[in-house]
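**Q** mind folding the following:
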Amino acid sequence: MEKNQIIELTVEDMLDDGRAFGRYEGCAVFISGGISVDGNNSGASGRNSDKSADRGPTGGYGCKITGAIPGDTVSARVTKAKKSAAEAVLMRIISPSPDRVKAECPYAAECGGCSLQEMSYEAQKKLKTKQLISKLQRLGGIEDPKVNEMIGAVTLKYYRNKAVFAVGPNGEVGFRKGKSHHVIDVDDCMLQSDAAMVCADALRKFLKDTGIRCISQMTVKTAFGTGEVMVVLEKSDEGDDLDNGGRGGRSGPKGRKGGKQNNNAKGSRGKDRNKRGNESADIPQIELLAELLDDAVYSLNRTDEEYSESSVNNADSKAESDAPERSDENAGSNSDVLTEGMQRRYSLESLAVIHQGKCRIIAGKPTITDIVRRGDGREFKFEIAPQSFYQVNPEQMVKLYDKAMEYAFGSICDEASECPVTGNDQPMRIDQDDKTESNVSDHTYEPDKKRCDIQNRSTDKPETENSAKIGTLLDLYCGVGTIGIWMADRAEQVIGIESVKSAVIDANRNSVINGLVNTRYICGKAEEELPGMMGLAKLYKWNEVNERVEREPDIRIGSADVAVVDPPRAGCGEALLAAVATASPGRIVYVSCDPGTLARDIKYLTAHGYEFIGCTAIDQFPMTTHTECVSLMRHS
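**A** The predicted model follows:
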């Protein structure tokens, strides 16, 4: 192959970055780019225009093809050629894949965030499962990994509770183009909540009217269970003009330069916002922005009747008929918390500004509260701070944590005739004292209830509230404590370790508001704290005169029964994996958002005394290439 050569090939697979993969004359070819198919990219959106175009498997938008998908036969132009591989850009779809559907988003070819939206949802799930298996084989060294059927999503659009909007130099509010710093001005996004999009509109209006350019990013967090909204603005030093406050020539209300700021400006309707001081001048006219954001969020609170009446004046009759359905779809699994006859009750509860890594609450509360329900109906409340990590798809988060809990305690079988631990009708049993394993011949499996009577580290005693509990559950990379809190009623004690101090404070607070007394969260590096609390290594600290001195651990434990790890996309550090292997828990439950680093870490653990039992993927991110999965490993 040569550069600029036009080639024809059939796409076999897709990469994590959305590029297609195929072979031409034995060489691997990676295909990127998109082509215009009808040129009718008007920028209209489902929320701001004819909502009838937002329905159905193919939508009604004229848009661009974002790229090739498996099964497409394509024409591509070679941009870079090597001996055994080449890169190319898509020129034409010669024969479309049977799994191809029309993209609904008018920004599909530019944004690149939803690189799978031209693929049917069933095909998306199969592709992600195939990629997971491939990585476990290639990177994890597992010849035939047991991977269960992916747990798909019910809500495929408007499912995200967190939106991060980039702000462009000319007041654009949207998302960065793939592999570029260019900001695409986005009127609507098929993944984001109503609250996020109206806040984006409010910020866009504010930037246009004032000319202020010191805001580089806006994050909108929406608690789907309560309707509480938090807006976090990130201030840059570029374009900052505190003397004249942009075009308006004002740094505060009514043109008072350097004067005392108005501490009674609205941040949430009907509430006194008195936490803002002179520091609010970091973003000129922030009181005006707070009011615009508050009004925008409050405008979403309309009855179905009011919604229809307003739609008659602003859209086609067919568009108005879809509005109530749109709300229910967005509500997800927690729709029962909504008031009857209403859309979700939204309220702006917090406004924060981040500058040079420091976060300040400008108006309202320091946190918002979400409510989620476990599969068995138990309700949890979680406080979310401006910089807290929280799963972005609450509907799928429930399924993810329930599956992790199933792997941790082995009490619910997800297959018709198999125990989740052994993969057959003879579950694993580990003796409490010597940790030896055996198959239990008198195992009772109840297919109607999908339950087995053998618990992790169980005996032949009947299942009771006490006998179902394990001793110690480790929650590593615990963040704000969501997973440990989710499982706390099944363990005598939960010990979480997290290196971010603010997250540890949030985790302890979340334990308190959920009425838990058996959880403990420690600030530090897990690879250091875990061996120290088990007496396997010494711990150190720096004293007042900057001397490294030995210290006592915050808590001591003799052993751990289950370790749950939920690392960032980069996976676990080798030092942490070594610490976990040394602690020797009976089971390791690994929650991962990157199958590649999961496979790498599984390979390490299998070389250090653990056996891979199985893995289940949960589709946290429909329409994208990202996959969340939970895996079970047992001590061998």
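**Q** only C-alpha atoms from now on, for both contacts and neighbour counts.
**A** Will do.
**Q** any regions of the chain where pLDDT drops low?
**A** Applying pLDDT under 70 to the chain flags residues 34-66, 238-281, 302-344, 411-468.
**Q** swap in 50 and give it another go.
**A** The model of the chain has pLDDT under 50 over residues 36-45, 48-63, 240-281, 304, 307-308, 310-342, 411-417, 420-467.
**Q** what residues go with each domain of it?
**A** 6-115, 120-157+393-410+468-636, 162-300+346-384, 412-467 (automatic domain parsing).
**Q** and the third one, how far out from the chain's middle?
**A** Spelled out, that is domain 162-300+346-384. Its chain's C-alpha centre and that of domain 162-300+346-384 lie 20 Å apart, by C-alpha atoms, centre = their mean, to the nearest Å.
**Q** one more: the longest one?
**A** Domain 120-157+393-410+468-636 sits 15 Å away from the centroid of its parent chain (C-alpha atoms, centre = their mean).
**Q** swap in the first one?
**A** Domain 6-115 has its average C-alpha position 25 Å from the chain's average C-alpha position, going by C-alpha atoms, centre = their mean.
**Q** now mean neighbour count too, for the domains of the chain, in CSV please.
**A** Below are the domains of the chain laid out as CSV (neighbours: other C-alpha atoms under 10 Å):
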stretch, mean neighbour count
domain 6-115, 19
domain 120-157+393-410+468-636, 20
domain 162-300+346-384, 20
domain 412-467, 16
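**Q** could you look up the SS state of residue 288?
**A** helix (DSSP: H, G, I helix; E, B strand; the rest coil).
**Q** so where do the helices sit in this structure?
**A** 108-111, 121-138, 194-210, 286-298, 304-314, 317-321, 323-331, 394-409, 482-487, 501-513, 526-533, 574-583, 595-606 (DSSP state H).
**Q** what about the longest strand in this structure?
**A** With DSSP state E setting the assignment, residue counts place strand 85-95 as the longest strand in the chain.
**Q** what residues does that one touch?
**A** For strand 85-95, the external contacting residues (C-alpha atoms under 8 Å, 6 or more residues apart in numbering) are 1, 27-35, 67-68, 72-81.
**Q** put the alpha carbons of it into PDB.
**A** Taking only C-alpha atoms (Å, rounded to 0.1, in the frame of the first residue of the first chain), the coordinates of strand 85-95 have been written out as PDB:
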ATOM      1  CA  ALA A  85      -0.100  -1.800   9.000                       C
ATOM      2  CA  ALA A  86      -1.700   1.300   7.600                       C
ATOM      3  CA  GLU A  87      -3.900   4.200   8.700                       C
ATOM      4  CA  ALA A  88      -6.700   5.400   6.400                       C
ATOM      5  CA  VAL A  89      -9.700   7.800   6.300                       C
ATOM      6  CA  LEU A  90     -13.200   6.700   5.400                       C
ATOM      7  CA  MET A  91     -14.300   7.800   1.900                       C
ATOM      8  CA  ARG A  92     -17.400   5.900   1.100                       C
ATOM      9  CA  ILE A  93     -19.700   3.200   2.500                       C
ATOM     10  CA  ILE A  94     -20.000   0.700  -0.400                       C
ATOM     11  CA  SER A  95     -22.200  -1.800   1.400                       C
END
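**Q** distance check, residue 622 against residue 30.
**A** Residue 622 is 23 Å from residue 30, where distance means C-alpha to C-alpha, to the nearest Å.
**Q** repeat for residue 153
**A** Taking C-alpha to C-alpha, one finds residue 153 at 29 Å from residue 30.
**Q** pairing partners for the longest strand of the chain, with directions?
**A** strand 27-32 (parallel), strand 73-81 (antiparallel) (DSSP bridges).
**Q** select, out of those, the one closest to residue 482.
**A** Closest to residue 482 of the strands paired with strand 85-95, according to C-alpha to C-alpha: strand 27-32, at 38.0 Å.
**Q** please save the CA atoms from the closest one in PDB.
**A** The C-alpha trace of strand 27-32 is given here as PDB (Å, rounded to 0.1, in the frame of the first residue of the first chain):
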ATOM      1  CA  CYS A  27      -2.100  -5.800   6.300                       C
ATOM      2  CA  ALA A  28      -4.000  -4.300   9.200                       C
ATOM      3  CA  VAL A  29      -5.800  -1.100   8.400                       C
ATOM      4  CA  PHE A  30      -7.100   1.400  10.900                       C
ATOM      5  CA  ILE A  31      -9.900   3.600   9.500                       C
ATOM      6  CA  SER A  32     -11.000   6.900  11.000                       C
END
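**Q** now the strands for the stretch 351-500 of the chain?
**A** With DSSP state E, counting those that start in this stretch, the ranges of strands along the stretch 351-500 of the chain come out as 358-364, 368-373, 379-384, 428-430, 437-439, 445-446, 451-452, 470-476, 491-498.
**Q** which strands or helices does the second one pack on?
**A** Contacts of strand 368-373 with other secondary structure elements, assessed using 3 or more C-alpha pairs under 8 Å, 6 or more residues apart in numbering; DSSP states H and E, are made with strand 228-235, strand 379-384, helix 394-409.
**Q** let me know which of those is the nearest to residue 511.
**A** With C-alpha to C-alpha as the measure, strand 379-384 is the member of those nearest residue 511 (8.8 Å).
**Q** ok, what's across the strand from residue 363?
**A** residue 351.
**Q** is it true that it touches residue 352?
**A** Yes - applying C-alpha atoms under 8 Å as the test, residue 363 and residue 352 come out as touching, 6.9 Å apart.
**Q** quick one: the helices of the chain as JSON lines, columns for distance to residue 166 too.
**A** Shown next, in JSON lines, are these (distance: least, C-alpha to C-alpha, whole Å):
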{"stretch": "helix 108-111", "distance to residue 166": "12"}
{"stretch": "helix 121-138", "distance to residue 166": "28"}
{"stretch": "helix 194-210", "distance to residue 166": "10"}
{"stretch": "helix 286-298", "distance to residue 166": "17"}
{"stretch": "helix 304-314", "distance to residue 166": "29"}
{"stretch": "helix 317-321", "distance to residue 166": "29"}
{"stretch": "helix 323-331", "distance to residue 166": "23"}
{"stretch": "helix 394-409", "distance to residue 166": "23"}
{"stretch": "helix 482-487", "distance to residue 166": "28"}
{"stretch": "helix 501-513", "distance to residue 166": "25"}
{"stretch": "helix 526-533", "distance to residue 166": "34"}
{"stretch": "helix 574-583", "distance to residue 166": "34"}
{"stretch": "helix 595-606", "distance to residue 166": "28"}
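**Q** mind checking which of the ones you listed is nearest residue 617?
**A** Taking the helices of the chain one by one with C-alpha to C-alpha, helix 121-138 is closest: 7.2 Å.
**Q** which other residues reach that closest one?
**A** By C-alpha under 8 Å, 6+ apart, helix 121-138 touches 13, 99, 116, 142-145, 147, 149-150, 152, 595-596, 599, 617, 619, 622-623, 625, 627.
**Q** filter the residues you listed down to just the ones in strands.
**A** Using DSSP E, those in strands are 13, 617.
**Q** I figured residue 354 hits residue 231, correct?
**A** No - contact status for residue 354 versus residue 231: not in contact, 10.8 Å apart, counting by C-alpha under 8 Å.
**Q** for the residue nearest to the spatial centre of the chain, give me its contacts.
**A** Geometric centre of the chain, nearest residue: residue 392, 3.6 Å, by C-alpha atoms, centre = their mean. With contact set as C-alpha under 8 Å, 6+ apart, residue 392 has these partners: 159-162, 620.
**Q** which of the residues you listed sit farthest apart?
**A** For these, the maximum inter-member distance is 12.9 Å, found between 162 and 620 (C-alpha to C-alpha).
**Q** before we move on, back to that, residue 185 is nearest to which of the helices and strands packed on strand 368-373?
**A** Closest of these to residue 185 is strand 228-235, at 17.3 Å (criterion: C-alpha to C-alpha).
**Q** can I get that closest one in PDB, CA atoms only?
**A** C-alpha atoms of strand 228-235 as PDB (Å, rounded to 0.1, in the frame of the first residue of the first chain):
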ATOM      1  CA  GLU A 228     -30.900  18.500  43.100                       C
ATOM      2  CA  VAL A 229     -28.500  20.200  40.700                       C
ATOM      3  CA  MET A 230     -24.900  21.400  41.300                       C
ATOM      4  CA  VAL A 231     -23.000  23.700  38.900                       C
ATOM      5  CA  VAL A 232     -19.200  23.800  39.100                       C
ATOM      6  CA  LEU A 233     -17.500  26.600  37.100                       C
ATOM      7  CA  GLU A 234     -13.800  26.300  36.400                       C
ATOM      8  CA  LYS A 235     -12.100  29.700  36.100                       C
END
